[in-house]
Each structure stands twice: as structure tokens, then as C-alpha cells.
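Asker: structure for this input, please:
(4 chains)
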Amino acid sequence: MKVRVLYFANLRERRGVAEEELEIEPGTTLAALYASLFPAGPDGRIPVAYTRNRAVSPGSTPIEPGDEVSFLPPLGGG
Amino acid sequence: MKVRVLYFANLRERRGVAEEELEIEPGTTLAALYASLFPAGPDGRIPVAYTRNRAVSPGSTPIEPGDEVSFLPPLGGG
Amino acid sequence: MIALVDGRIDVAGVRRAVDDSGFGAVLVFEGVGRDSFEGRAVVALEYEAYPEMAVPEMQRIADEAQARWGAKVAIVHRTGRVAIGEPSVVIAVGTPHRAACYEASRYAIDELKLRVPVWKKEIYADGSAWKANAPG
Amino acid sequence: MIALVDGRIDVAGVRRAVDDSGFGAVLVFEGVGRDSFEGRAVVALEYEAYPEMAVPEMQRIADEAQARWGAKVAIVHRTGRVAIGEPSVVIAVGTPHRAACYEASRYAIDELKLRVPVWKKEIYADGSAWKANAPG
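Answerer: Next up, the predicted model:
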């Protein structure tokens, strides 16, 4: 099934794109997708807030077909 | 002896001038001058801060020749 | 910038007076003429000052905020008639961080109302009244 | 007025958005690019947002301040490169009385930093780093 994934800030730089459409297994959770896209490095993983369809959501949330998903690194606005 | 007296706000309106030079007895205090210039009406007297030469001063302060004196009604700035 | 002015306050000019490349926060406070007081319609305000005392007192307040919070402070108060919606006083404060900015700005307006010899008359359709600030 | 903008923020325009003849106090907060961070020289900042989430979240913060303090609130955040000394965010708040104005303004910037999906990169002469806000 297809999902649209957006990347911001350091995650965008690491991934090399601002957004992409991915093919994932049905039942994949937000946290599982993040872990598969951004394997832990020597400093561990960047802590994120998971979003599904523009709402912050628990990492355990299963992704549905056509969802817009993102992982928000620590905020720096203001 | 001569003293310069400034009036502001409701005191200016009651006195009818913004400033004047007055002849007063040596030894007159700030409070005594205020009481003589503004006799208590039915609502009493407007409470004031006394100033002598642009500094807030106790009512008991004797006025010196050539002083600039004023009586500040409650403030309304801002 | 510490001043009494007789016409409209140049708000952008007061803001520029606290420009500093080391500041991360700037607050501009405007005290504005309101259209009513305790339900009575106000059509304009009139301010009067004792300039030779007011300007030094505003400067002291700015200096105190500088000493206490490292703030740069500009204060301009207007005298004469002020239309509803126009500012009677503008206070600009700049600091490296925002917490100090809020504290210094609040300090400046609170102290101004307590200490600076300025008086306000509310003009109604059918009269007027001198209005004192509430005590501290 | 709730917006993300790509160029300079029109500070006077944000201020005008909270005009109201019933307001006696207006506060304009500017978050400004500083020239240093922990002793390291910063030459510019770059901001990036998730606009579809950031704008609704700014609107929610404005609505909360309206409900709690009767405040009218305008918030404009900039994206892209911001020069030192220029505001990255401008928040205008108007209220009938000043105490509520300070509280609502402080609430808006504190909540924005915690909740609005915007990211900041500090640009140095010899590199750059993404900088998160300190936790609440």
C-alpha cells in the first residue's frame, strides 16, 4: 500500500528529499516506519513526534493506505 | 521672598494659570503653601505629592527664595 | 530614546531605538486610548506633563531596567489630545532572551504609571474628567 | 492574521491586525535573529515549517488566548533565511487592559515554541546546526 512521507530539518537532509511516496506493508506502524527509514546511528535516533494526516499520533498507530505521515524532530520555532 | 509655583491638571484648572510667581513669608512650608492656595472644599483637598526644585519632598520642607515648587495630583500617565 | 512628544508617536522609530544584533527578543508596548471607561463613551484623551520631572523620571526607569535585566529601553509619552485607538505611550524593550524582555517591559510601564508626572483627562461627548491611575 | 511568510515580516501590518477601539493595551513581540549562540558567531538563521500543521496550530494558540484573555492575536512566522537583527516571528496582542496583554503575549510565544512545527538552523561562518528550543 502507498503512503506519502514528509521530511523536515535534519531528517530531510539525511533522507535527501522533502517528501516521497513509499510502498509499505499493511499494518506498519508510524514508529516501525520511522525505525526502518532512519536506522539508529552511533548517537542513537533523533527523537520525533509522529504525525498521521497532520495530527500528532502515537508511534503504535497503524498507517492506512493514502495516509500523509511525518516525523517531527525537536521544534525550533520562535 | 519670591517662589515660582507650577500647577498641573485639576489644580491648574482650579487656579486658572499654569504657573505664577508668588510672594510668600520666609519659612513657609510646601504643605502650608498648598493649604493656603487650595482651601479644602466640600470633598476635602486633592491629595498631592509636594515637589521642590523638581524633586518630590516632604510637606514639612521650608521653601527657600527662588525655589520652583509644585503640587502633583494623582498621576494618570501611561 | 526618552521623550515627551506633542503629536503622534513614531512607533517604528521607538522600536528602532532598541536595535541591537545581540538581542533575541524585542517587545513594543503601546498604551492606547480606549473608547469607554466603566461603560461611559470616551471620545478622546488629553495628557499633560511636568516635563522637567517627567523626562528624567522616564530615564531613571530605563536605567533601572538596563541595570536589572540588561535591557535597552526606549520610552515616548505623548502630551495633548490623543484620539481613540492611538497610543499615548510607547515603550520598546530589547534583551538577549525573552523572559527578561517581558519582565523589563512590564516593569517600565508599571513604574511609569506610578512615578512619572503625567496626567490624563478623559473627554466625553458631554464633559470631561481627570483620571488617576489605580494605586500600585 | 495567522501566517507563514517567506520574506520580511511587515511588523506594522501585524500590529494593525489587532486594532480595536476597545483595547487599551497592545504588545508586539518580535523574536529576532541573534548574532551569537553560546559564544559562537551566527551569521544568519534558516527556518523551515510544516505549513499544513503549523498554520492551524498557530490559529489554535490565538483562539486559546482569545478565549482565556479576550485577546485579539496575530501571529506571523517567517520561513527561509533570516538575517541577524530581523524578526523570525512577530506576535501582536491587543486587550482592554495591560495585565492580560502581557499574559496572552507570553502564552502565545511560549506555546508557539512548544507546539508549532517550525525548525531553525543556525548558520555559522564555517558550518551550520539545527537548533531545538529548550523543553518547556
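Asker: and the residue of chain A at minimum distance from chain C, how many neighbours?
Answerer: Residue of chain A nearest chain C, by C-beta to the nearest C-beta: A:Gly78 (8.2 Å). Glycine gets a C-beta too; all of them are placed from N, C-alpha and C. Neighbour count for A:Gly78, taken as other C-beta atoms under 10 Å in any protein chain shown: 23.
Asker: so who does it touch?
Answerer: A:Gly78 sits next to D:31, D:88-89, D:109, D:112-113, D:118, D:133 when contact means C-beta atoms under 8 Å, 6 or more residues apart in numbering or on different chains.
Asker: so among these, where is pLDDT lowest?
Answerer: For those, the least confident position by pLDDT is D:Asn133, scoring 93.
Asker: would you check that it makes contact with A:Pro74?
Answerer: Yes: contact status for D:Asn133 versus A:Pro74: in contact at 7.3 Å, counting by C-beta atoms under 8 Å.
Asker: what is the end-to-end distance of stretch A:11-28?
Answerer: The first residue of stretch A:11-28 is 20 Å away from its last residue (C-alpha to C-alpha, to the nearest Å).
Asker: could you pull out the helices in the chain for me?
Answerer: The chain I'm using is chain A. A:9-15, A:30-37 (DSSP state H).
Asker: wait, chain C was what I had in mind.
Answerer: Under DSSP H, chain C gives helices at C:11-16, C:51-69, C:98-115.
Asker: out of those, flag the one nearest D:Glu57.
Answerer: Smallest distance to D:Glu57 across the helices of chain C (C-beta to C-beta): 19.2 Å, for helix C:98-115.
Asker: where does chain C have low pLDDT?
Answerer: Applying pLDDT under 70 to chain C picks out residues C:135-136.
Asker: and it, which of its residues are near chain D?
Answerer: Neighbours of chain D within chain C, by C-beta under 8 Å from any C-beta of the partner chain: C:11-12, C:15, C:19-36, C:84-85, C:87, C:94, C:96, C:98, C:101-102, C:105-106, C:109.
Asker: coming back round to it: who wins for proximity to chain D among the helices of chain A?
Answerer: From these, taking C-beta to the nearest C-beta, the stretch that ends up closest is helix A:9-15, at 3.7 Å.
Asker: would you mark the buried spots in the closest one?
Answerer: Within helix A:9-15, the residues scored as buried using 16 or more other C-beta atoms under 10 Å in any protein chain shown are A:9-12, A:15.
Asker: name the helices or strands packed onto that helix?
Answerer: The contact analysis (3 or more C-beta pairs under 8 Å, 6 or more residues apart in numbering or on different chains; DSSP states H and E) places helix A:9-15 against no helix or strand.
Asker: distance of the nearest residue in space to C:Ser21 that is not next to it in sequence relative to chain A?
Answerer: Among residues not flanking C:Ser21 along the chain, D:Asp35 sits closest, at 4.2 Å (C-beta to C-beta, 6 or more residues apart in numbering or on different chains). Distance, D:Asp35 to chain A, by C-beta to the nearest C-beta, to the nearest Å: 17 Å.
Asker: D:Asp35 contacts D:Ala83, doesn't it?
Answerer: No: D:Asp35 is not in contact with D:Ala83 according to C-beta under 8 Å; the separation is 10.2 Å.
Asker: the two: which has the busier surroundings?
Answerer: Ranked by neighbour count (other C-beta under 10 Å), D:Asp35 and D:Ala83 place D:Asp35 first, with 16 against 12.
Asker: give me every residue that touches the nearest residue to A:Glu19 once chain neighbours are set aside.
Answerer: Of all residues not flanking A:Glu19 in the chain, A:Leu6 sits nearest, at 4.6 Å (C-beta to C-beta, 6+ apart). Going by C-beta under 8 Å, 6+ apart, A:Leu6 touches A:18-19, A:68-70, D:50.
Asker: okay, C:Glu103 and chain B: tell me how far apart.
Answerer: Between C:Glu103 and chain B the computed distance is 17 Å (C-beta to the nearest C-beta).
Asker: distance check, the closest residue to that residue other than its chain neighbours against chain A.
Answerer: Excluding its sequence neighbours, the residue lying closest to C:Glu103 (C-beta to C-beta, 6+ apart) is C:Trp69, at 6.1 Å. C:Trp69 sits 19 Å away from chain A, going by C-beta to the nearest C-beta.
Asker: circling back to that earlier point, give me the buried subset of the residues of chain C next to chain D.
Answerer: Among these, those buried by neighbour count (16+ other C-beta under 10 Å) are C:11, C:15, C:23-35, C:84, C:87, C:94, C:96, C:98, C:101-102, C:105-106, C:109.
Asker: can you map out the strands along chain A?
Answerer: Secondary structure of chain A (DSSP state E): strands at A:2-6, A:19-23, A:49-52, A:55-56, A:68-72.
Asker: before we move on, the earlier item: surely the residue nearest to C:Glu103 touches C:Thr95?
Answerer: Yes: look at C:Trp69 against C:Thr95 with C-beta under 8 Å: they come within range, at 6.0 Å.
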